[in-house]
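Novice: Model the structure of this input:
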Amino acid sequence: MSGAAEPVSLSTGVRAMFLMLTPNESSFQKVEDVPQYVQQATPVFVGLMLLELLVGVLKTGASVITIGDGLTSLSAGMISRLPLLLMRGCELSAYMYVWNWYRLVELPWDSAWTWWFTLVGVDFGYYWVHRTAHEVSILWAAHQVHHSSEYYNLTTALRQSLTQQFTSWIFYLPLALAVPPPIFAVHLQLNLLYQFWIHTELIRDLGPLEWVFNTPKHHRVHHGRNLYCIDKNYGGILIIWDRLFGTFAQEGDKVIYGLVFPINTFEIVYVQLHYYLYLWRRSSTYQTISDKLSTFIKGPSWKPGKSWLGDHDDNPKVTGKEVPHYPRWSLHLQVYVVVHFLLVLFTYHDLFGNKMILSQSAIVGMTSYILLTLTSLGFIIDQKPAAPVLEMSRCGVMVAMQRYSYMKPLLPALAVPTEAFVSLSLLYWALQSFSQLLSIKKKTN
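Specialist: Numbering: from 1, shown residues only. Take a look at the predicted model:
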């Protein structure tokens, strides 16, 4: 059952997502033997997103994914994995430390009973990871990223937080007293993969499965900002935890997605970090140390004099007629943003594929370029005044990266056309910046 980690086949990737792997084929003796199921599931993610897009158009006559929102979700997913370039995941690292020094018993790694016990144990831990992320403000500051989309489709599943991984590891440590790390590493990935396909509106009801498993119907409720949806249905794979602990809610009125107070932006750094700044500013309005600390450790709706979780009296009333934030922007800019996103996506995958042979400075440089690109594309989608200057600077960096071979073309035959496209992009934004500067000077004269 153990062997060298090999690329996951398409069939294995699909079955992993729907929890159809057998204990025999997914039990390993060593952590280094565990396949990178999530990393290698990219073709499955892309295939299912395209299928959802096609079915959505055929079923509703409209696209279920918008360019601005979809690319923001994908950008958040990319950013959330960047720390893995410099270190092993916090959850697995902390787990292995506790296992090595404090384990009480050692369950057999090649037992089906161990496999099933870990599946349930990881999902139970995830329930509390997820619930606490909604009930403690400083943790919600990380998790709110996942809820910031006003749409609900498969791209939303990839809208993940950069910072949540730095605290979630705590809740899995009890398993490390008995369960071998390789089995935990498998189920940590399977739990995450399962939650991808439940982010869709196209699957309405799954009958008896709704009693036991988390499904699109249940998870839609979790993403709603309707009063009946808030802080409900935390389960990962199983919905039984919500039924047991009183956090379950059936889908009722039309679900309106997103944060209670929508952020109305696609700028990825703001999406990731704005709530931390909000908490700091909010805490500064209070006089006592107790209230200042409570701002961070109590619920997002807490106020002085309220219970730990506060109430929702100040929430905007949901009418069911809310329209998601959708800035109007030209078709040529939409094409431009998609093409440049594909280019940076290729650089991103190339970086992860070659991280073992790249120098630390090269990794830091390419990571900075990826962050710069995703930020700049967000500025363009939002049509911010600073977008021309920022994008001109980014295109200059891109030209330099091509010159020194830090950025490869999608195909060798596309090397010259790609360089020409980037150079034209630089020229275009230089002209836009110059035009903007002239307009500012005319207004000041």
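Novice: Burial check on residue 165, number of neighbours?
Specialist: 17 (other Cβ atoms under 10 Å). Any C-beta I mention is one placed from the backbone N, CA and C, and that applies to glycine too.
Novice: Go ahead and confirm it touches residue 90.
Specialist: Yes. The pair residue 165 / residue 90 is scored as a contact, 5.3 Å apart, by Cβ atoms under 8 Å.
Novice: Domains of the protein: list them as residue ranges, please.
Specialist: Following automatic domain parsing, the chain resolves into domains at 10-245, 331-444.
Novice: Among the ones you listed, which comes closest to residue 257?
Specialist: Among the domains of the chain, domain 10-245 comes nearest to residue 257, with 4.9 Å by Cβ to Cβ.
Novice: ok, the spatially most central residue of the chain to residue 408 distance?
Specialist: Centroid-nearest residue in the chain: residue 160, 1.7 Å away (criterion: Cα atoms, centre = their mean). The gap separating residue 160 from residue 408 is 26 Å, by Cβ to Cβ, to the nearest Å.
Novice: show me what contacts residue 234?
Specialist: Listed by Cβ atoms under 8 Å, 6 or more residues apart in numbering, the contact partners of residue 234 are 127, 130-131, 134, 222, 241-242, 247.
Novice: can you tell me which two in those residues are farthest apart?
Specialist: Farthest-apart pair in these is 134 and 241; separation 13.7 Å (Cβ to Cβ).
Novice: Quick one: residues contacting the residue nearest to residue 263 when sequence neighbours are not counted.
Specialist: Leaving aside its sequence neighbours, residue 263 sits nearest to residue 148 (Cβ to Cβ, 6 or more residues apart in numbering; 5.9 Å). When contacts are counted by Cβ under 8 Å, 6+ apart, residue 148 is found next to 159, 258-259, 263, 271.
Novice: Out of these, which is nearest to residue 209?
Specialist: Nearest to residue 209 among the contacts of residue 148, counting by Cβ to Cβ, is residue 159 at 25.2 Å.
Novice: pretty sure the closest one is touching residue 144, no?
Specialist: No. Counting by Cβ under 8 Å, residue 159 does not reach residue 144; the two are 10.4 Å apart.
Novice: rewinding a little: now the weakest link among the domains of the chain, please, by mean pLDDT.
Specialist: Lowest mean pLDDT of those: domain 331-444, a mean of 91.
Novice: Straight-line length of that domain, end to end?
Specialist: Length of domain 331-444, first residue to last, Cα to Cα, to the nearest Å: 32 Å.
Novice: outside of stretch 172-190, which residues touch it?
Specialist: Contacts of stretch 172-190 (Cβ under 8 Å, 6+ apart): 16, 19, 21, 26-31, 33-34, 36-38, 91-92, 94-96, 98-99, 102-107, 109, 114-115, 117-119, 121-122, 125, 129.
Novice: how many other residues sit next to the spatially closest residue to residue 138 that is not a sequence neighbour?
Specialist: The shortest distance from residue 138 to any non-neighbouring residue, by Cβ to Cβ, 6+ apart, is to residue 296 (4.5 Å). Residues lying near residue 296 (other Cβ under 10 Å) number 18.
Novice: Could you pull up the mean pLDDT of the strand or helix carrying residue 296?
Specialist: Taking DSSP states H and E as the definition, residue 296 sits inside helix 289-297. The predicted model gives helix 289-297 an average pLDDT of 96.
Novice: Check which helices and strands the helix or strand containing residue 439 is in contact with.
Specialist: In the assignment (DSSP H and E), residue 439 maps to helix 415-444. Contact analysis of helix 415-444 by 3 or more Cβ pairs under 8 Å, 6 or more residues apart in numbering; DSSP states H and E lists helix 331-353, helix 387-403 as its packing neighbours.
Novice: any residues touching the first one, and which ones?
Specialist: Yep, that's helix 331-353 we're talking about. If you take Cβ under 8 Å, 6+ apart as the criterion, helix 331-353 is touched by 39, 42, 67, 71, 74-75, 78, 81, 84-85, 358, 363, 366-367, 369-370, 373-374, 377, 380-381, 407-408, 410, 418, 421, 425.
Novice: List the ones among these that fall in strands.
Specialist: Assignment to strands by DSSP state E places none of those there.
Novice: Of the residues you listed, select the buried ones using a ChimeraX command.
Specialist: Of the contacts of helix 331-353, the buried ones can be selected in ChimeraX as follows, counting by 16 or more other Cβ atoms under 10 Å:
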select :67,71,74,75,78,81,358,363,366,367,369,370,373,374,377,380,381,407,408,418,421,425
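Novice: Next, check the contacts of helix 331-353 against the helices and list the overlap.
Specialist: 42, 67, 71, 74-75, 78, 81, 363, 366-367, 369-370, 373-374, 377, 380-381, 418, 421, 425 (DSSP state H).
Novice: Alpha carbons only: can I get stretch 51-64 in PDB?
Specialist: Output in PDB follows, covering the C-alpha atoms of stretch 51-64 (Å, rounded to 0.1, in the frame of the first residue of the first chain):
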ATOM      1  CA  LEU A  51     -18.900  21.900 -17.100                       C
ATOM      2  CA  GLU A  52     -20.700  24.100 -14.600                       C
ATOM      3  CA  LEU A  53     -20.300  27.100 -17.000                       C
ATOM      4  CA  LEU A  54     -21.800  25.100 -19.900                       C
ATOM      5  CA  VAL A  55     -24.700  23.600 -17.900                       C
ATOM      6  CA  GLY A  56     -25.400  27.000 -16.400                       C
ATOM      7  CA  VAL A  57     -25.700  28.600 -19.800                       C
ATOM      8  CA  LEU A  58     -27.900  25.800 -21.100                       C
ATOM      9  CA  LYS A  59     -30.100  25.800 -18.000                       C
ATOM     10  CA  THR A  60     -30.500  29.500 -17.300                       C
ATOM     11  CA  GLY A  61     -29.400  31.200 -20.500                       C
ATOM     12  CA  ALA A  62     -26.800  33.200 -18.600                       C
ATOM     13  CA  SER A  63     -23.300  32.600 -17.300                       C
ATOM     14  CA  VAL A  64     -23.000  31.500 -13.600                       C
END
